[in-house]
Structures are given as C-alpha cells and as structure tokens.
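> make a model of this:
(2 chains)
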Amino acid sequence: MSAINKNSETRKVTIKAFRFNSETDYLPYYKSYEMEVGKDELVLDLMNKIKWEHDGSFSYRRSCRHGICGACAIKVNGKATLACKQNAMELLDLFDNELVLEPSSIKRAVKDMIIDKSDFWAKHATIKPFVVADVEAHPTHETKQSIAEFNNFLDSDLCIQCGACHYSCPALEVNDAFLGPAAFVAAYRFTVDTRDSAGIERLEITSESSQGVWDCVKCFECAEACPKEINPIEKITKLHNLQFEKNVAVSNVATRHAEGFLRGMKKTGYLDEADIVTYSEGYMGMYKHLGTAMKMMKSGKIHWHSGVPFINSIPKIKNLDEVQKLIKISQTNRL
Amino acid sequence: MSQLHYALFTGCTAKQSTPELLSSTLAVAKKLGIEITILEEASCCGASHLQDFDEFLAHVLNARNICYAEKLGLTMITICNTCQLNSAMTKHALDTNSELKARVNEKLAEVGLEYKGTSEIKHFLYAIIEEYGLENVKDKVVVPLSNFNIAPFYGCHNIRPSELHHTSNGGENSYKPTSLDELIVALEGRPVNYASKNKCCGFHVELQANHTSEVLAGNALLDAIDNNADMMVTPCPLCHLKMDTYQDSVGKVMGREIALPVLHMPQMVALALGCSEAEIGLNFHVQKAKQIIKQAVSA
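Numbers count the residues shown, from 1 in each chain, chains lettered A, B, ... in the order given. The predicted structure follows:
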C-alpha cells in the first residue's frame, strides 16, 4: 500500500518497471519495487534505487545528470520523461502514486529501459545536421552573424537528441519512413543558419511525401514531450512556410490542401469542405472519396450540390469584403 | 450566478458538415441559461493548414475574428478544438510579440479593425465546467446517461501544447486529462478508461497520409470498443468527422468491424438535459446513432 500523504516530506510507494532482456526473454514483464521517495528526488534517483537496492541487473542509460546528454529519456505512465530532470513527487501527485517506468519505445527495447535508437540516428543524419559551407583554410576574418540571425535557431540548437519527441510521435509509429520531429528541428536549425548553403536540399528532403513534414499529424505530442522546450511542431510549421518561400513546394495533394483553404475563404469566409477535397486530390483522385461522400450525403452531412461550381451551398460570413482585402494585402506566399 | 454571455466562434464545420454540433450547442446554452451571440463575421481559423502555407496571413485572419469578440467585450468560445488552438496560438503570438502585433494591426487598420488582446478564448467544454460549474449542470439533468459506457476522446488541440491552453482549460494535464470524464460523471454516465483518450485521431492527414490517418483513428476506436464503450464523445468536430464518417474504411485497414456512435460533447449534454431530438441531431451521423435516444430514455 502506498502512503498517500501529499504533505509529507517522503512517501512510501511501489514503482512498477518494464523488464525485458532481448537476449534471454521471450516476452517482457513488469516488476514492482517498494521504496521511499523524498521530495527532491528525481525519476533517475528511483531508477538508481531499483538498481542499487533491489536488482543490480536493472538496466538504463544515464550519464550527465544535468539534462544535457539526453541519455536517460524514458516514459513514465506514457509521459515522455528525461529522468534526470523530472521531479518524482510531481509525477506521483499527477498519477495518484502509481508510476510505471517504461522505455521510450517498447518495440525497440533491448534491455529494460535501454532501446535501440538506430532509427533515430539514421533519420537525424538524413537531413545533414551540420553547417554545410566552403570554409577557407586560412580565413582572414571571422564569420559574423547578427543577434537576430543567431536567435533564429538558438532554441533549436538546444536539442540534446534524447528522442523524447521522436518516440512520442504517433505518425512515426505508423509510418516507418517519417523522419520525425527531432530530425525536422535539426533541418530547420541548419537551414536558417546564415553560414549554411544546403538549405534548399534540406527543404527538398523534408518536403517529400511519407518522410517529410506533410505527414505530420499535428497532434503536438512533440511539443509536450520535449524536455528542452524546443516546440518541434513550431519548427515543422516554419519548414512548411519555408518550402513556399523558397519555391521548393511543388503542387501536390498536401500543398494544395494548405493553399486551397484560401479558395473557400475568398468566396464565403469559410473553408469550402467539398472544394478542398476536390481541389487537393484533383478530379482523378476523387474516386477514392465517392463512397464516403455517398454516406455523408445520405446522413445529410453534405448535399448533392456541395462542391459543384456556381452553386452557393455555403453561407457567407458578414463583412466578407474585409477577409478578401486582408488576404490580398497580407498574403506573402504563393504555390 | 449572473448570466453567462459568450461570443460563439462556430468554425466552418458547424456551418457545413456537422449542423448537429451547432444546434446542440445552442440547445445546451438555452437550457443552461447561457446567452450566446454568434460571431457571424468570423472566418475560417485556417485549421493549421493555412498556417503551413502562410503563417502571417493566418495570424491576420485569426486576429480579425478575435477583434469581433473584443468589440462585444465578451469571451470568445469555440466548439472545435482546432479553432480553439489556432485562435489561441494567434492570441498568444500577438500578446507576447509586440512587433508582430504591430505588423498585424497595420493590416487590420486597412479594414478599420484593431486587435487589442482583451478577450479570452475558451472552448465551450471548459466554459461549462469552469464557469457554469459541474454541480450546476448536475442539477439540470433530466435524462441521466446511466445506461451508457461513454469513452471520452479529448482531441489533441484542446490539451496540447498544455502551456498554451492552461489559462483556458483549468490546467488540464495532457497526459491525464479529466474534464470530459468529470462531465460524463455529472451526467450520470460511466466514463470508459482507455489509453487512447488523449491520442490523435488522424484527421489532419486524411488526404495526404491516408494510411496513417486510418490507423490512428482505428487504434482509438478499437481501444474504446475493447473497453466496452457504447459510444464515444468528443469536443472536436474534426475528431468526430474522422471517427464517425470513416468507420467502414478504418475497419478494413484494421481488419475488424467497427460500429461505434461518436457524439459531439454538446450532443451528449443536450441528451442529458432533455433537449429535442431535432436539436441533438443524431440523424446527421454516418454511423447509426439515433437508437441512443431510446436507450437513454428507457434508463
């Protein structure tokens, strides 16, 4: 039984941990460990206690203990956690004193909390995570950057490659080709570096379907998971915008889906739900949606005239002219 | 309690494919004595896709929407998680970046508007819970939902990124959200506890990454079904569209038959408050849901 007293300095709790040795175990299992937890203790301290006081075979990665090496990222009750940064009491409060420690990605588990991160590193390398520049062997002056130019990538540069965002990304769980939020942060970081000359190449790599930013599901799990508060999806949005700014974006279902929002908005102020599908897919691609369209029509979700040109099936907002004018004077990107 | 009065940002979906969301929202507000002024001037929020194309333009258009709530001196309420997120992101960007705010206001001045930052933006779910109060909702229940196991599906854009939402969602923790569960309990239903309740439905990549979209929706629907859900309820019409409209194709991808009614949050409340069948609008669902009315009344 856990002692549930939020005011006490220490708390006696039972911590459950994922156990698995890929060399000897057929299936993983969970084991419980009783321990006292102090108010200043970290999740890393709990793992140390399991190893030092209960079972020396319990395995996990750790090194700096200062939130900078990125080795100790795990999941606690599904929450991406950098073990050396996360106070244990906070999590005990949040999860009613029941904590389950698991590796960042169960399907990649090698031993207990240790995972095979090779997919992370391979994807990270794909986007050329370094400044590409012709450097003179004997430069006569330093390469200068303004504070504003530096600030453009400062927060992205704080990435410690812990994999917390990568292994919290549901798109990546379904789609093996997807490069994932950490690789995108690195792609952004070097693309906006004024010393770098491989920006266009990175934008091309990150614009490709399946692997690129257009397969992001917009769940914001990466923003939530990052222990360095980098907000990867913010950088993903910036990469999207850069693709249009630098004319890398080609017309396809994904880019038309983004740009096509303006078609309906210019006409009525609203997104035209039927038009966005036909415009994005093209008339040839529409056959995939006919079954769904029929069902939606049957239940009154759409109408026979939805999406038919020259028939106004959508109400107009008041003061539509304002939206039309604002689009005209504020639009900066083109497809 | 003084009468609550909100400016309602309907979003596009409630005006097109989910009329039942608008009718049930207005019916709930009426039953609870909440006054609603619909922002008929408000345009699309961009749904994160316009933001991908032209972030600055999206800020300008969202700021314009907020201006109309500010003019009324009211809190702007949303009935779509994605409207909530994109409006709140613009508000946050302008309120914390004076240079951006000035650039946006320069454009807005051309149509005689100015963004000030005086209106709060809140999803209707949290307006009901935080401002109307669950105890008060409880008092108005005439059709208890005690016949149902209800799977709450929170929808990403109300709970993540949590720092953005904490001022408007009562500090909901994205890893352990509770608001919808508590609302279900207040209406005397049984909340289903399942791991997918705070996960992604896949809606936003329906067109460009269809397989991903189908699998994410399928994972959530099957998780709810395997935990004995009679229905799912969500505050987001985009989650509703993905999970209700595509059950046939999702089922094919997942290799299992899926048949689970997916209700909008206000539909569930409207049902418990005894609103009319027409207001609840279960006839607009693709996955058959009309039987719920009879099952509820026989409780």
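> now the farthest one out in chain B, which residue is it?
B:Glu110 (32.3 Å; C-alpha atoms, centre = their mean).
> contacting residues around that residue?
A:325-326, A:329 (C-beta atoms under 8 Å, 6 or more residues apart in numbering or on different chains). C-beta: built from backbone N, CA, C; applies to glycine.
> need those in JSON lines (columns: neighbour count, secondary structure and pLDDT).
Output for these, formatted as JSON lines (neighbours: other C-beta atoms under 10 Å in any protein chain shown; DSSP: H, G, I helix; E, B strand; the rest coil; pLDDT from 0 to 100):
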{"residue": "A:Lys325", "neighbour count": "14", "secondary structure": "helix", "pLDDT": "98"}
{"residue": "A:Leu326", "neighbour count": "23", "secondary structure": "helix", "pLDDT": "98"}
{"residue": "A:Ile329", "neighbour count": "13", "secondary structure": "helix", "pLDDT": "97"}
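> show me the contacts for A:Thr69.
If you look again at residue A:69, you'll see it is Cys, not Thr. Counting by C-beta under 8 Å, 6+ apart, A:Cys69 has contacts A:63, A:160.
> what's B:Gly117 sitting at in phi/psi?
phi 90, psi 20 (degrees, to the nearest 10).
> residues in contact with it?
B:70, B:91, B:94-95, B:101.
> which of the residues you listed count as buried?
B:70, B:91, B:94, B:101 (16 or more other C-beta atoms under 10 Å in any protein chain shown).
> and the helices in the stretch 101-250 of chain A?
A:118-126, A:147-154, A:170-174, A:181-191, A:199-205, A:221-225, A:232-245 (DSSP state H, counting those that start in this stretch).
> over to the stretch 151-299 of chain B?
So, for the stretch 151-299 of chain B - with DSSP H, counting those that start in this stretch - the helices run B:156-159, B:162-165, B:179-186, B:210-226, B:237-240, B:247-254, B:265-272, B:277-280, B:291-297.
> okay, A:Ser2: pLDDT?
pLDDT recorded at A:Ser2 is 46.
> A:Phe310 now?
68.
> now A:Met294
Model confidence at A:Met294 (pLDDT) stands at 89.
> assign it to helix, strand or coil.
helix (DSSP: H, G, I helix; E, B strand; the rest coil).
> A:Ala80: what secondary structure?
Using three-state DSSP, the secondary structure recorded for A:Ala80 is strand.
> could you list every residue that touches the residue most central in space within chain A?
For chain A, the residue nearest the mean C-alpha position is A:Cys222 (3.3 Å; C-alpha atoms, centre = their mean). With contact taken as C-beta under 8 Å, 6+ apart, A:Cys222 is in contact with A:165, A:168-169, A:181, A:231-233.
> these two touch, right, B:Thr178 and B:Gly171?
No: counting by C-beta atoms under 8 Å, B:Thr178 stays clear of B:Gly171, with 10.3 Å between them.
> just the buried ones out of the contacts of A:Cys222, please.
Judged by 16+ other C-beta under 10 Å, buried ones among the contacts of A:Cys222: A:165, A:168-169, A:181, A:231-233.
> quick one: these as JSON lines, columns for distance to chain B and pLDDT too.
Formatted as JSON lines, those follow (distance: C-beta to the nearest C-beta, whole Å; pLDDT from 0 to 100):
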{"residue": "A:Cys165", "distance to chain B": "12", "pLDDT": "98"}
{"residue": "A:Ser168", "distance to chain B": "10", "pLDDT": "98"}
{"residue": "A:Cys169", "distance to chain B": "10", "pLDDT": "98"}
{"residue": "A:Pro181", "distance to chain B": "13", "pLDDT": "98"}
{"residue": "A:Asn231", "distance to chain B": "7", "pLDDT": "97"}
{"residue": "A:Pro232", "distance to chain B": "11", "pLDDT": "98"}
{"residue": "A:Ile233", "distance to chain B": "8", "pLDDT": "98"}
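> wait, which of these is closest to A:His305?
A:Ile233 (36.9 Å; C-beta to C-beta).
> so how far does stretch B:111-122 reach from one end to the other?
Here the two ends of stretch B:111-122 are set 26 Å apart, with distance taken as C-alpha to C-alpha, to the nearest Å.
> buried residues, that stretch. List them.
Using 16+ other C-beta under 10 Å as the test for burial, stretch B:111-122 gives B:111, B:113, B:115, B:119-122.
> out of these, which touch chain A?
B:111, B:113 (C-beta under 8 Å from any C-beta of the partner chain).
> report the two of the buried residues of stretch B:111-122 separated the most.
Largest separation among the buried residues of stretch B:111-122 by C-beta to C-beta: B:Val111 and B:Lys122, giving 25.6 Å.
> quick one on the thing from earlier: nearest to chain A, of the buried residues of stretch B:111-122?
Here the nearest of the buried residues of stretch B:111-122 to chain A, counting by C-beta to the nearest C-beta, is B:Val111; it sits at 4.0 Å.
> for the residue farthest from the centre of chain B, give its distance to B:Ser98.
Here the distance between B:Glu110 and B:Ser98 works out to 20 Å (C-beta to C-beta, to the nearest Å).
> do B:Lys140 as well
Counting by C-beta to C-beta - B:Lys140 and B:Ser98 are separated by 44 Å.
> compare these two (neighbour count), which wins?
Applying other C-beta atoms under 10 Å in any protein chain shown to B:Lys140 and B:Ser98 shows that B:Lys140 carries more neighbours, namely 17 against 9.
> what number of residues lie near the closest residue to the more buried one other than its chain neighbours?
Leaving aside its chain neighbours, B:Lys140 sits nearest to B:Leu273 (5.5 Å; criterion: C-beta to C-beta, 6 or more residues apart in numbering or on different chains). B:Leu273: 22 surrounding residues under other C-beta under 10 Å.
> could you tell me the per-residue confidence at B:Leu273?
Reading off the model, B:Leu273 has pLDDT 98.
> if I look at it, how far off is A:Met294?
Counting by C-beta to C-beta, the gap from B:Leu273 to A:Met294 is 34 Å.
> in the sheet, who's paired with B:Arg190?
B:Asn149 (DSSP bridges).
> measure it to chain A for me?
Distance check for B:Arg190 against chain A: by C-beta to the nearest C-beta, to the nearest Å, it reads 19 Å.
> residue contacts, that residue?
B:Arg190 neighbours (C-beta under 8 Å, 6+ apart): B:146, B:148-150, B:184.
> of those, just say which sits nearest to B:Pro19.
Using C-beta to C-beta, these come closest to B:Pro19 at B:Ile150, 22.5 Å.
> give me the neighbour count for the closest one.
24.
> what does the pLDDT read for it?
The per-residue pLDDT reported for B:Ile150 equals 98.
> that one contacts B:Leu271, correct?
No: counting by C-beta under 8 Å, B:Ile150 stays clear of B:Leu271, with 10.5 Å between them.
> and the stretch 51-200 of chain A, which of its residues are near chain B?
Checking the stretch 51-200 of chain A against chain B by C-beta under 8 Å from any C-beta, the hits are A:77-79, A:94-95, A:170-171, A:174-175.
> residues of the stretch 1-150 of chain B that sit close to chain A?
So far as C-beta under 8 Å from any C-beta goes, the stretch 1-150 of chain B lies against chain A at B:12-13, B:15-19, B:40-44, B:46-57, B:60-61, B:64, B:107-108, B:110-111, B:113.
> so which of these sit within helices?
Residues of these located in helices (DSSP state H): B:19, B:49-53, B:55-57, B:60-61, B:64, B:107-108.
> reformat the helices of the stretch 101-250 of chain A as JSON lines; add distance to B:Cys156.
Shown next, in JSON lines, are those (distance: least, C-beta to C-beta, whole Å):
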{"stretch": "helix A:118-126", "distance to B:Cys156": "23"}
{"stretch": "helix A:147-154", "distance to B:Cys156": "26"}
{"stretch": "helix A:170-174", "distance to B:Cys156": "10"}
{"stretch": "helix A:181-191", "distance to B:Cys156": "14"}
{"stretch": "helix A:199-205", "distance to B:Cys156": "26"}
{"stretch": "helix A:221-225", "distance to B:Cys156": "8"}
{"stretch": "helix A:232-245", "distance to B:Cys156": "10"}
